[in-house]
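Enquirer: Build me a structure from this.
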Amino acid sequence: MLVAAAVCPCPPLLVPDVAAGAAPELDTARAACTDALGVLAAARPDRLVVVGPADQSGRGPHPEGARGTFHGFGVDLDVRLGGNGARTPEGPAGSGPVEGADRPLPPSLAVAAWLLGRTNWSDAPVEGLGVGEPLAAERCIQSGREIAERGERVALLVMGDASACRTLKAPGYLDDRAAGFDAEVAHALGTADVAALKTLDAELAYELKASGRAPWQVLAGAAEGAGLAGALLYEDAPYGVGYVVAAWS
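Expert: Below you'll find the model as predicted:
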């Protein structure tokens, strides 16, 4: 059963080494992510699942200890998912290889691993799930239901960005629909509105380059019947991209 969730944006710029001179611009967002992870820790889950957008090579499960890197962003920085020793890429002694251990973490999960490392997360085993942008809402929701059934106290760290079309200099240029879409998303995440997340317009999300749509709908499936309350900790659009941080408990 889902007992808590944290929603965070996933730009590599969230990592100060990647942002370099621009790092202070996201200090408030980083602080909000730390607060959201604190909510997860306070819930004392017996399992943490990190869900984030991924391209084809990064889709599917990623075990605890799986490695990610920011070398592609010009930074000599590697990360590992989790790290409490409960499960390594090689698996427990005598168990053989773990599915997904030979694949690097997609960028969204690498950012999550950095966040977890920054907060010294070690309270529960961690696993990752890379979700493809085209995944239909029904399949996202079903995946979330299955995640919630994996333990008595499951927590989710959900990575994803809102629209990338808020300004003329945004990656997707300016789209007049972006601000309204982001406001809808922020309200749904901030109030733990499962029904609203389930009905997000997948086509519009794609057109607005909102990478979080599928992960948010995984969250919606996991949260069915959990009765969690939400709190919006951060909402802004630096660089023309919508970033939302929320905590559910």
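Enquirer: Pick out the residue nearest the middle of the chain.
Expert: residue 159 (1.4 Å; Cα atoms, centre = their mean).
Enquirer: Show me what the closest residue to it other than its chain neighbours bridges to in the sheet.
Expert: Residue nearest to residue 159 in three dimensions, not counting chain neighbours: residue 52, with 3.5 Å by Cβ to Cβ, 6 or more residues apart in numbering. Where you see a C-beta, it was placed from the backbone N, CA and C, and this is true even at glycine. On the basis of DSSP bridges, residue 52 is bridged to residue 130.
Enquirer: For residue 52, give me its contacts.
Expert: Going by Cβ atoms under 8 Å, 6 or more residues apart in numbering, residue 52 touches 10, 106, 108-109, 111-112, 128-131, 158-160, 215.
Enquirer: Please repeat the previous calculation with a cut-off of 7 Å.
Expert: 10, 106, 108, 109, 112, 130, 131, 159, 160, 215 (Cβ atoms under 7 Å, 6 or more residues apart in numbering).
Enquirer: Now do the strands in the protein.
Expert: For the chain, applying DSSP state E gives strands covering 2-8, 47-53, 60-62, 67-69, 78-80, 126-131, 154-159, 230-236, 243-248.
Enquirer: quick one, which of those strands is nearest to residue 31?
Expert: strand 230-236 (8.2 Å; Cβ to Cβ).
Enquirer: Give the rounded mean pLDDT of that closest one.
Expert: Averaged across strand 230-236, the pLDDT comes to 98.
Enquirer: Check which helices and strands it sits against.
Expert: Strand 230-236 sits against helix 27-42, helix 178-190, strand 243-248, with contacts defined as 3 or more Cβ pairs under 7 Å, 6 or more residues apart in numbering; DSSP states H and E.
Enquirer: Skip the chain neighbours and tell me the closest residue to residue 143.
Expert: residue 218 (5.2 Å).
Enquirer: Isn't that neighbour up against residue 131?
Expert: Yes: using Cβ atoms under 7 Å, residue 218 makes contact with residue 131 at a distance of 6.2 Å.
Enquirer: Next, show the common contact partners of these two.
Expert: 51, 140.
Enquirer: Contact partners for residue 214?
Expert: By Cβ under 7 Å, 6+ apart, the contact list for residue 214 reads 53, 131, 132, 133, 135, 140.
Enquirer: Run the chain-centre distance for the helix or strand bottoming out on mean pLDDT in the chain.
Expert: Least confident helix or strand, the chain: helix 16-19 with a mean of 94, by mean pLDDT, DSSP states H and E. Relative to its chain's centre, helix 16-19 lies at 19 Å (Cα atoms, centre = their mean, to the nearest Å).
Enquirer: Go ahead and name everything in contact with it.
Expert: Applying Cβ under 7 Å, 6+ apart, the external contacts of helix 16-19 come out as 12, 13, 23, 26, 70, 73, 75, 77.
Enquirer: do that again at 6 Å, thanks
Expert: Under the contact criterion Cβ atoms under 6 Å, 6 or more residues apart in numbering, helix 16-19 has outside partners 12, 13, 23, 70, 73, 75, 77.
Enquirer: hmm, back to that, pull the most distant pair out of the contacts of residue 52.
Expert: Farthest apart among these by Cβ to Cβ are 112 and 131. That separation is 12.6 Å.
Enquirer: Which residue of these two possesses the greater neighbour count?
Expert: Neighbours per residue (other Cβ atoms under 10 Å) separate residue 112 from residue 131, with residue 112 holding more: 32 against 29.
Enquirer: Now the more buried one: closest residue in space that isn't a chain neighbour?
Expert: residue 50 (4.6 Å).
Enquirer: Give me the neighbour count for the one you found.
Expert: 29.
Enquirer: Over to residue 217?
Expert: 30.
Enquirer: One more: residue 182?
Expert: By the criterion of other Cβ under 10 Å, residue 182 has 24 neighbours.
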